[in-house]
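>>> Next come a sequence and a model predicted from it.
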Amino acid sequence: METLKNKARELLAGKTVQVVIGYSRGSNGSARAVFICETAKVDSLIFDDECRQNLAVYIIKPEVRKLGRVALVAIPATLRTILQLAAENQINDHDLLVLAVNTSGEVTTLATFQAIEDHVASLDMDLNAAEKTELAKYEKLGMEERRQFWQEQFSRCLKCYACRAACPLCYCNRCTVECNQPQWIPVPAHDLGNLEWNVMRAMHLAGRCVNCGDCSRACPVHIPLYLLNQKLISEVFRNFNVRSGTAAKAESTLSTIRPNDTEDFIR
Amino acid sequence: MSDFNPRIVAFVCNWCTYAGADLTGTSRMKYSPQVSIIRFPCTGRIDFMLLLKAFANGADGIIVSGCHPNDCHYSSGNFHARRRWIIFRGLLDFLGIDVRRVQFSWVSAAEGAKWAQLVNSTAESIRQLGPFSCYHKLRGLGVE
C-alpha cells in the first residue's frame, strides 16, 4: 500500500497527473472510490480485497475529464475495461496513466495501451471454475424452470438503472431506455418491461462486457445479472472466438461480419 | 387446442424474402393465413427488441427471414444479422423463452415454394406449442 501511496504522491507532486482515482475506506469498512487532487490527501488511499469496484466507470465522464490527466488504480477487470473503451474509441492513448495493483501490493505503472495489452496478456480471460460451475447449473435446468427463475428474479427489478450507472461500458449519452418515440422499454417496473430492460442491457453488452461484476454488486435487489453477462461471454467465445477487453484496437464483435460463422438453427 | 389459430409475425427483408413471398402469391400457392408479414429494408435492420415487441403484442411465433448468405442486397446485412441471432437465441434460451417460437430462415426471391412451406411448418409447430400465454401474461404482472 505504501508503494501505491508513494507513487500517487510522486505523480501529483510532479504534475504528471492532476488526479489519482483510487480506493479509500468507506463506511462499515467498505471500499469506495476516491478522487485525489492534492498530495496531502494521498494517505487515504487503500488497497485490499474489498477494492472490487471497476474505477474505469469514471474516466469517460465529462466532469472527470475536466479535472485533467488521470492516474487510475486498476484491478484486472479495470485494465480490460480500459482496453475495451479504447477499442470503442472512447479514450485516447496517453490520456491516462494506469496503476495496476495486485493483491500482494505490487504496483505496475502502465502508460500506454500497448503496456496494458502486454500486462493483460498474462491474465486468464476465461470465466473461473466457480463461475463456470454456476453457469452450467442454470444451463442444465429445464426451460420452464429457467423461465420461472428469471421471472422471479426480474420481478424484483425496480428499474433504478443502478446496473447501467455502475457499468463502465454503458456510456451512451442517450440510452434506449430514455427513448419514448417509440417507448422501447415501458417506464413502470412491471414484469414485461423488466424482462425487456434486462434483455436489452445484456444484449447491448454482448461481446463487450469484461465480467467485472459491478452491475450485480450495484443491484439493490440482488438480481444475478452476472449470469446473463457470463452466458453471453461464453456464447461469444464459443461462436466467434472473441474475448472482449484484450486489445486496444479491436473490431466490435456484433458489428463485424464473418461469412464463415456457423449456426444450426437457420432453415 | 385444435381450434387454436396462432398469430405469427414474419420479419422479412425487402429484397429476398418479401419478393419470395410475393412469388408465392403470384404463383397462386396457398399457405397458412396466420402469418402477418412486416417488410424491412434488410435483416440487418431487424433489432432484437422488435422481436420482443411482437411477443409482447400477442405473437405466438415469429419468423425472421432474409437473403441467403452472400446474397444480401447490401452485401453484409445478413451476416450482421446472423451474428446477432446466434447470440440473441442463446440468451433467449438461457432466459427460458422457448426458442422454437422464433424461426430463422433464408428465403430467396426465387423460393416462393420454400416460403409457403416455411410458413406452413412454422404455423403447425406453433399450433402444437399452443398460445404463448406465459409471455403474454407478463404485461399484466407487477402492475398495481
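The structure has been received and is ready for your questions. Numbering: from 1, shown residues only, chains lettered A, B, ... in the order given.
>>> right, and residue B:62 touches residue B:11 too?
Yes: counting by CB atoms under 8 Å, residue B:62 touches residue B:11, with 7.0 Å between them. From N, CA and C alone the C-beta is placed, and that goes for glycine too.
>>> joint contacts of those two?
Taking CB atoms under 8 Å, 6 or more residues apart in numbering or on different chains as the contact rule, the neighbours common to residue B:62 and residue B:11 are B:51, B:54.
>>> Kindly export stretch A:184-193 (C-alpha atoms) in PDB.
Once non-C-alpha atoms are left out, stretch A:184-193 reads as follows in PDB (Å, rounded to 0.1, in the frame of the first residue of the first chain):
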ATOM      1  CA  TRP A 184     -38.900   0.800 -26.300                       C
ATOM      2  CA  ILE A 185     -38.900   0.000 -22.600                       C
ATOM      3  CA  PRO A 186     -42.100   0.700 -20.500                       C
ATOM      4  CA  VAL A 187     -41.400   3.100 -17.700                       C
ATOM      5  CA  PRO A 188     -43.100   1.300 -14.800                       C
ATOM      6  CA  ALA A 189     -41.400  -1.600 -13.200                       C
ATOM      7  CA  HIS A 190     -43.700  -4.400 -14.300                       C
ATOM      8  CA  ASP A 191     -42.700  -7.800 -15.400                       C
ATOM      9  CA  LEU A 192     -42.800  -7.200 -19.100                       C
ATOM     10  CA  GLY A 193     -40.700  -4.100 -19.000                       C
END
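>>> got the buried residues for that stretch?
In terms of neighbour count (16 or more other CB atoms under 10 Å in any protein chain shown), stretch A:184-193 has its buried residues at A:184, A:185, A:186, A:189, A:190, A:191, A:192, A:193.
>>> what sits against the third one?
So the one you mean is residue A:186. Neighbouring residues of residue A:186 by CB under 8 Å, 6+ apart: A:192, A:193, A:196.
>>> next one: residue A:3
Going by CB under 8 Å, 6+ apart, residue A:3 touches A:105, A:106, A:107.
>>> Give me the nearest residue to the residue of chain B found nearest chain A, chain neighbours excluded.
Nearest residue of chain B to chain A: residue B:96, at 2.8 Å (CB to the nearest CB). Closest residue to residue B:96 apart from its sequence neighbours, by CB to CB, 6 or more residues apart in numbering or on different chains: residue A:147 at 2.8 Å.
>>> residue in chain A nearest to chain B?
Distance from chain B to each residue of chain A (CB to the nearest CB) is smallest for residue A:147, at 2.8 Å.
>>> Now do the same contact list for that residue.
If you count contacts by CB under 8 Å, 6+ apart, then residue A:147 has B:95, B:96, B:97, B:134 around it.
>>> so the first one sits right up against residue A:194, yeah?
No: with contact defined as CB under 8 Å, residue B:95 does not reach residue A:194; the gap is 11.7 Å.
>>> Between these two, which has more neighbouring residues?
residue A:194 (26 against 22; other CB atoms under 10 Å in any protein chain shown).
>>> list the buried ones in the strand or helix carrying that one?
Using DSSP states H and E, the element containing residue A:194 is helix A:191-204. Of the residues in helix A:191-204, A:191-204 count as buried by neighbour count, 16+ other CB under 10 Å.
>>> Alpha carbons of the helix or strand following that helix, as CSV, please.
Using DSSP H and E, the next helix or strand after helix A:191-204 towards the C-terminus is helix A:214-218. What follows is helix A:214-218, C-alpha atoms only, in CSV (Å, rounded to 0.1, in the frame of the first residue of the first chain):
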residue,chain,number,x,y,z
ASP,A,214,-20.2,-4.2,-10.9
CYS,A,215,-23.8,-4.4,-12.3
SER,A,216,-24.6,-7.3,-9.9
ARG,A,217,-23.0,-5.6,-7.0
ALA,A,218,-24.8,-2.4,-7.7
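>>> and whichever helix or strand comes after helix A:214-218 with helix A:191-204, angle?
Next in sequence after helix A:214-218, counting helices and strands by DSSP H and E, comes helix A:225-240. Here the directions of helix A:225-240 and helix A:191-204 differ by 50 degrees (axes from the mean of the first three to the mean of the last three CA atoms, to 10 degrees).
>>> Tell me which other helices or strands helix A:225-240 touches.
On a contact count with 3 or more CB pairs under 8 Å, 6 or more residues apart in numbering or on different chains; DSSP states H and E, helix A:225-240 meets helix A:129-140, helix A:191-204, helix A:214-218, helix B:77-94.
>>> Many thanks, I have nothing further to ask.
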